[in-house]
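Peer 1: Quick one, structure for this:
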Amino acid sequence: MGDWDPALYTRFEAQRTRPAVELLARVPLDAADVREAVDLGCGPGNSTALVAARYPGAAVTGIDRSPAMIEAARQRLPGLRFEPADIAAWAPQRPPQLIFANAALQWLPDQEQQLQRLFGLLAPGGVLAVQVPDNLDEPSHRLMRETAAAGPWAALIGDAHALRAPRLAAERIYDLLAPAAEAVDVWHTVYRHPMPSARAIVDWLRSTGLRPFLDPLDAAGREAFVAAYEARIAAAYPPRADGQRLLAFPRLFHVSRRRR
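Peer 2: So this is what the prediction gives:
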């Protein structure tokens with residue numbers, strides 16, 4: 001895929017940051033417990049800022065494979081360290097007390113192996129805190145696949161959602177981490193974000209889930225795809241009593257502490 005667009009991503013920053021706030025609130029570590037913290041898939045630094053505020057005495061590092069996101073994060077938080085890296089191959093110089101990953105691990109292949117690998121990188125008593133979207137079966141994403149299959153771009157796009165691994169079941173996550181964990185906390189939340197229009201929903205998704213569908217197309221193809229997709233979105237998310245449209249967005253969370 002092409003590089004990410006920080007400006008488009010942060011257009012809905014309040015909604016995107018809310019899960020990170022709620023994930024961090026469940027991390028059972030006091031400020032004195034954390035000397036090293038890592039934000040995997042840090043994006044433009046919105047989640048990294050939360051980690052740094054919660055653990056002001058820690059050395060906090062943000063990791064992202066997107067050069068544009070790393071540059072945006074460095075501009076936003078010049079006092080913190082940001083490094084370009086692929087999460088799948090990343091390893092810390094020293095075992096951190098916290099590995100935080102908000103809406104990032106869903107892009108990794110071999111998620112079972114990666115979860116166990118990341119958990120094993122923690123210092124004793126350290127915490128792995130993860131949130132991943134669980135929306136591949138929502139109308140927002142089902143209609144991406146339907147639009148792709150119904151248009152002249154079908155052969156170019158192919159199975160774009162194959163780039164994103166299916167979410168692991170909560171029970172499977174528990175079984176993978178519990179043998180080496182002091183505690184594993186898993187929960188599921190469905191957010192319903194009020195959006196002013198069908199186009200706003202499309203714009204939200206252009207910076208994330210739509211990217212694998214649009215990247216193979218030229219400018220004219222992207223414009224036509226977005227128009228066809230937006231028409232489907234308008235029908236699937238009708239206006240509510242105040243004219244807003246509710247975008248349902250399920251997310252899976254888990255916070256696991258390594259044995260001390």
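Peer 1: in the lengthiest helix in the chain, what's buried?
Peer 2: The helix that spans the most residues within the chain, counting by DSSP state H, is helix 219-236. Residues 221, 222, 224, 225, 226, 228, 229, 230, 232, 233, 234, 236 are the ones in helix 219-236 that count as buried (16 or more other Cβ atoms under 10 Å). C-betas here are computed from N, CA, C, even on glycine.
Peer 1: what packs against the first helix or strand past that helix going along the chain?
Peer 2: Sequence order places strand 245-258 as the next helix or strand after helix 219-236, per DSSP states H and E. In this structure, strand 245-258 makes packing contacts with helix 13-25, strand 127-133, helix 170-177, strand 181-195, helix 198-206, judged by 3 or more Cβ pairs under 8 Å, 6 or more residues apart in numbering; DSSP states H and E.
Peer 1: In PDB, list the C-alpha atoms belonging to the fourth one.
Peer 2: This points to strand 181-195. The C-alpha trace of strand 181-195 is given here as PDB (Å, rounded to 0.1, in the frame of the first residue of the first chain):
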ATOM      1  CA  ALA A 181       0.400 -14.300  32.100                       C
ATOM      2  CA  GLU A 182      -0.400 -13.100  35.600                       C
ATOM      3  CA  ALA A 183      -3.700 -11.800  34.200                       C
ATOM      4  CA  VAL A 184      -5.500 -11.500  30.900                       C
ATOM      5  CA  ASP A 185      -8.400  -9.000  30.500                       C
ATOM      6  CA  VAL A 186     -10.400  -9.200  27.200                       C
ATOM      7  CA  TRP A 187     -13.400  -7.100  26.300                       C
ATOM      8  CA  HIS A 188     -15.400  -6.000  23.300                       C
ATOM      9  CA  THR A 189     -17.000  -2.500  22.700                       C
ATOM     10  CA  VAL A 190     -19.200  -1.300  19.900                       C
ATOM     11  CA  TYR A 191     -18.900   2.500  19.400                       C
ATOM     12  CA  ARG A 192     -21.600   4.400  17.500                       C
ATOM     13  CA  HIS A 193     -20.100   7.500  16.100                       C
ATOM     14  CA  PRO A 194     -22.400  10.300  15.000                       C
ATOM     15  CA  MET A 195     -21.300  11.400  11.500                       C
END
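Peer 1: what mean pLDDT does that strand have?
Peer 2: Averaging the model's pLDDT scores along strand 181-195 yields 97.
Peer 1: tilt between that strand and strand 127-133?
Peer 2: Interaxial angle of strand 181-195 relative to strand 127-133 (axes from the mean of the first three to the mean of the last three Cα atoms, to 10 degrees): 30 degrees.
Peer 1: re the thing from before, what's the angle between the longest helix of the chain and helix 198-206?
Peer 2: Using the same axes, to 10 degrees: helix 219-236 against helix 198-206 is 120 degrees.
Peer 1: Need the contact partners of helix 219-236.
Peer 2: Residues outside helix 219-236 that contact it (Cβ atoms under 8 Å, 6 or more residues apart in numbering) are 139-140, 143-144, 146-148, 150-151, 153, 156, 198-199, 201-202, 206, 210, 213-214, 217.
Peer 1: on that earlier part again, so which of the helices and strands packed on strand 245-258 is the most surrounded?
Peer 2: Greatest average neighbour count among those goes to strand 127-133 (a mean of 25), per mean count of other Cβ atoms under 10 Å.
Peer 1: Contacts only, for the one residue sitting closest to the centre of the chain.
Peer 2: Geometric centre of the chain, nearest residue: residue 103, 1.5 Å, by Cα atoms, centre = their mean. Neighbouring residues of residue 103 by Cβ under 8 Å, 6+ apart: 16, 19, 20, 41, 131, 132, 133, 208, 251.
Peer 1: Phi first, then psi, for it.
Peer 2: phi 60, psi 50 (degrees, to the nearest 10).
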